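J.: the sequence and its predicted three-dimensional model are supplied below.
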Amino acid sequence: MASSSRKLANIISTISSRTFFLVIFLQIPLFRVPCGSGVCTTPMQVISSQLIELEVLPPVVVKGLLYPGAIANAVINNTTIPSFNNLLSTYNSTNPKSLHEFTDVDSLEILAGSYFSTVGALLGLLKPGRLSLFGTLLVIWGLLKEVILGNIGSRNISTAAAQFYPTMFIAVISAFTSIKSDVRKLISTKRGRSPLISQFKQVNDVNML
């Protein structure tokens, strides 16, 4: 019983960690928030915008991070795949705006959560852990603060309004189910309840007789 639960948990964790990786690195839109390049809809866009602005990494490295998502987006929308050399212009990042307004206290959760989510997606390919879930929840908390406090409305970006996309649920579920220990506990709990339910039904049937 224990070995089967462990094996099932490993399978679920592996599939979920791969799913979360694809969601992050293929840049499936999860939210909408203003950032240095205008409007960002994925954690990759958030961190890439800042990396370009701060010149932490060479542009070619940032392009390498963004290119898989650019290809996926072009295929899904049936558009021309952008060239690698002109990729930053596609994301309006050749001359990004200052990130000073975006990286204030009210948006640090989104920025930090985007970093944690991206790093967690990479590490999850080797050993799934809680970093992906922590980063995703941090992004959600930051977006909720933006929506509730209404801070984004004061930035004079007419097209930028903080909001969640339904795909965020996929990110949360895949991040959570990638944690082997938690999945194993859920499986064990469910299997432990099944005999109790069967016994309860048998007792009720006897009482009815």
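T.: Sure thing, it's come through.

J.: from here on, contacts and neighbour counts on C-alpha atoms
T.: Will do.

J.: in this protein, which spans are helices?
T.: 2-25, 43-54, 59-76, 87-90, 108-124, 131-149, 167-177, 180-208 (DSSP state H).

J.: residue 32 - how many residues pack around it?
T.: 18 (other C-alpha atoms under 10 Å).

J.: list the contacts for it?
T.: Residues near residue 32 by C-alpha atoms under 8 Å, 6 or more residues apart in numbering: 39, 40, 41, 42, 160, 161, 162, 163, 164, 165.

J.: could you do residue 133 as well?
T.: With contact set as C-alpha under 8 Å, 6+ apart, residue 133 has these partners: 117, 172, 175, 176.

J.: longest strand of the protein?
T.: strand 31-35 (DSSP state E).

J.: report the distance from it to the chain centre.
T.: Relative to its chain's centre, strand 31-35 lies at 14 Å (C-alpha atoms, centre = their mean, to the nearest Å).

J.: angle of that strand against helix 43-54?
T.: 10 degrees (axes from the mean of the first three to the mean of the last three C-alpha atoms, to 10 degrees).

J.: now strand 31-35: average pLDDT?
T.: Model confidence over strand 31-35, given as mean pLDDT, is 84.

J.: ok, stretch 166-181 next?
T.: 92.

J.: how many neighbours does residue 12 have?
T.: Neighbours around residue 12, by other C-alpha under 10 Å: 18.

J.: next one: residue 130
T.: When neighbours are counted by other C-alpha under 10 Å, residue 130 comes out with 18.

J.: I figured it hits residue 179, correct?
T.: Yes - counting by C-alpha atoms under 8 Å, residue 130 touches residue 179, with 6.3 Å between them.

J.: follow-up on the earlier one: for residue 35, find the nearest of the helices of the chain.
T.: Smallest distance to residue 35 across these (C-alpha to C-alpha): 6.5 Å, for helix 43-54.

J.: I'd like to know which elements the closest one is packed against.
T.: helix 2-25, helix 59-76, helix 108-124 (3 or more C-alpha pairs under 8 Å, 6 or more residues apart in numbering; DSSP states H and E).
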